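Student: Generate coordinates for the sequence data below:
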Amino acid sequence: MVIIEIHRPEQIGGQITKISTDSASIIIDLGHNLPNNRNEVDPLDNKQAIEEITKGCSAVLYTHYHGDHIGLCQHVPESIPQFVGEIAKQVMRCQYGHIAKVPDEKMKEEGERVLTSVNRMRTYRANEPMLFGDIKVTPYFVSHSACDAHMFHIEAGGKRILHTGDFRGHGWLSKGLVPTLNHYIRQVDVVIIEGTMLSRTEEKVDTEYGLGKKAFDLMKDYKYVFVHCSSTDLERLATFKTANAQCKPRRFLVSDRYRKEILEIFSKEAGMKSKTFDFGTVYAYFCKNVKLKQLMIDNGFLMFVRPPYESDNPETNRHDILDEILEMTNSPEKTLFIYSMWDGYLRPGDNLNERFMKLQNRFKQFGATVVSLHTSGHATMETLREVCETVKPSTAIIPIHRERGKDFNLTGITPELLAKVVTEDCTKDGIEITFKA
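Tutor: Coordinates of the predicted model:
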């Protein structure tokens with residue numbers, strides 16, 4: 001008997017999947033609930049809860065480094081090995097290393113705990129199988145808004161299971177998705193598949209290539225360009241870097257020190273395989289660099305910016321630095337601010353992000369041109385359907401990472417496959433499937 005245990009299936013974020021046989025078990029992702037304005041405490045964000053979930057577990061494997069997939073890693077007992085991609089581990093060490101240095105004691109302690117856990121993590125490589133008792137797991141690369149994201153092919157108890165993690169079909173690196181499924185995975189018994197976009201049917205989805213063309217068309221008419229996008233989204237950062245490289249005369253690529261470190265990791269690891277991901281020279285802005293300031297004024301620049309926390313070190317406060325840059329350029333008509341994140345963070349409601357709003361309003365007050373230019377990091381209806389029809393699960397399709405009430409009817413999969421969608425506890429073909437809210 002193979003047991004598949006899905007925690008929190010009807011919500012985006014906080015993902016946990018446990019797969020067990022009679023002699024072994026693995027967990028895929030231990031995610032924290034996504035933050036909202038209600039300041040709710042995640043009931044699983046404690047040592048006792050995670051020790052209970054991971055009890056007897058052979059290993060915990062992470063599909064990628066977003067907090068809603070890895071945010072509870074610090075509670076995992078040291079005796080249980082945790083695995084993540086090689087580049088993902090480098091990114092997390094950089095990310096939480098910076099958090100562990102902030103003045104805010106609560107954030108600092110949290111960063112230190114996660115960093116300790118990350119440092120203990122082992123790494124895996126795409127296409128290289130791992131064995132945990134009688135469970136064989138093979139990671140395969142997928143395109144997502146996180147670098148080094150993977151799906152997992154699991155062979156256990158004579159069954160074949162595909163856990164997609166978060167993925168998409170419209171990124172720079174998406175072209176290998178269907179060929180990988182056809183060549184390496186083929187038909188499975190069960191597919192556990194994300195469904196983020198099931199609740200966002202009105203959202204326009206562009207390719208990263210198409211987004212880059214739109215970015216260039218905008219950026220070429222402005223001398224000073226600021227972009228707010230995820231600090232660890234390799235493909236989105238590459239989209240704007242590529243658009244910037246096409247602008248004449250040559251402009252400098254500028255960021256804060258943290259983002260510079262992230263970009264250097266990407267250039268070293270991904271840039272070796274494709275020039276698209278080689279970010280070249282990135283200048284870290286700091287107030288005393290008079291020469292860089294003058295070059296930025298004279299030649300223009302693309303600067304990646306982040307919203308500040310109230311806990312930021314006063315000496316490196318991002319709003320103070322931003323104010324200084326806007327004052328020294330003093331050209332609202334030549335200044336462009338591009339918001340490249342999910343627009344839900346700017347709409348009234350539980351997902352409204354006050355920090356994001358504050359950053360954007362700063363540019364509006366300055367008189368800069370403010371635009372939104374974004375595409376999703378998640379699979380569209382068409383891509384969800386294509387994956388299901390490619391691997392043709394014989395027993396079950398289990399949708400996760402989706403909002404309550406949203407089902408696979410929206411994807412347009414065949415009636416035969418739709419009949420295999422499982423959202424309630426059941427036992428089918430020697431596989432026990434259970435759900436825990």
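Student: For the rest of this, base every contact and every neighbour count on C-alpha atoms.
Tutor: OK.
Student: so which helix or strand takes in the closest residue to residue 391 other than its chain neighbours?
Tutor: Using Cα to Cα, 6 or more residues apart in numbering and skipping residues adjacent in sequence, the residue nearest residue 391 is residue 187, 4.4 Å away. Residue 187 belongs to no helix or strand when assigned by DSSP states H and E.
Student: pretty sure residue 187 is in contact with residue 393, am I right?
Tutor: Yes. Residue 187 is in contact with residue 393 according to Cα atoms under 8 Å; the separation is 6.2 Å.
Student: neighbour-wise, which of the two wins?
Tutor: residue 393 (23 against 19; other Cα atoms under 10 Å).
Student: in what helix or strand does that one lie?
Tutor: Assigned by DSSP H and E, residue 393 falls outside every helix and strand.
Student: contacting residues around it?
Tutor: 187-191, 417 (Cα atoms under 8 Å, 6 or more residues apart in numbering).
Student: Could you do residue 11 as well?
Tutor: So residue 11 contacts 400-404 (Cα under 8 Å, 6+ apart).
Student: Quick check: the gap between the closest residue to it other than its chain neighbours and residue 14.
Tutor: If the residues on either side of it in the chain are set aside, residue 11 comes closest to residue 403, at 4.6 Å by Cα to Cα, 6+ apart. Going from residue 403 to residue 14 by Cα to Cα, to the nearest Å gives 12 Å.
Student: residues near the residue nearest to residue 282 when sequence neighbours are not counted, how many?
Tutor: Counting by Cα to Cα, 6+ apart, residue 253 is the residue found nearest to residue 282 once chain neighbours are left out, at 5.2 Å. Residue 253 has 22 neighbours, counted by other Cα under 10 Å.
Student: Got phi/psi on residue 253?
Tutor: Dihedral angles of residue 253 (phi, psi; degrees, to the nearest 10) stand at phi -100, psi 120.
Student: Closest one of the contacts of residue 393 to residue 222?
Tutor: Checking the contacts of residue 393 against residue 222 by Cα to Cα gives residue 191 as the nearest, at 46.5 Å.
Student: what sits opposite that closest one in the beta ladder?
Tutor: residue 162, residue 397 (DSSP bridges).
Student: got a list of what it touches?
Tutor: Residue 191 is in contact with 161-164, 388, 391, 393, 396-398, counting by Cα under 8 Å, 6+ apart.
Student: let's see 6 Å
Tutor: Contacts for residue 191 were tallied using Cα atoms under 6 Å, 6 or more residues apart in numbering; they are 161-162, 397.
Student: what's the distance between it and residue 393?
Tutor: Counting by Cα to Cα, the gap from residue 191 to residue 393 is 6 Å.
Student: cool, and residue 353?
Tutor: 39 Å.
Student: again, but for residue 399
Tutor: Using Cα to Cα, we find residue 399 at a distance of 13 Å from residue 393.
Student: still on that earlier bit, which one (most neighbours) among the contacts of residue 191?
Tutor: That'd be residue 162 among those, by other Cα under 10 Å, with 26 neighbours.
Student: The nearest residue to residue 332 once chain neighbours are set aside: neighbouring residues, count only.
Tutor: The shortest distance from residue 332 to any non-neighbouring residue, by Cα to Cα, 6+ apart, is to residue 368 (4.7 Å). By other Cα under 10 Å, the residues close to residue 368 number 22.
Student: And the pLDDT for residue 368?
Tutor: You'll see residue 368 listed with a pLDDT of 98.
Student: Next, give phi and psi for it.
Tutor: phi -70, psi 160.
Student: Just the strands from the stretch 301-437 of the chain, written as ranges.
Tutor: 301-304, 335-340, 369-372, 396-400, 426-428, 431-436 (DSSP state E, counting those that start in this stretch).
Student: I'd like these as a markdown table, with distance to residue 209 appended.
Tutor: Shown next, in a markdown table, are the strands of the stretch 301-437 of the chain (distance: least, Cα to Cα, whole Å):
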| stretch | distance to residue 209 |
| --- | --- |
| strand 301-304 | 18 |
| strand 335-340 | 14 |
| strand 369-372 | 16 |
| strand 396-400 | 28 |
| strand 426-428 | 42 |
| strand 431-436 | 38 |
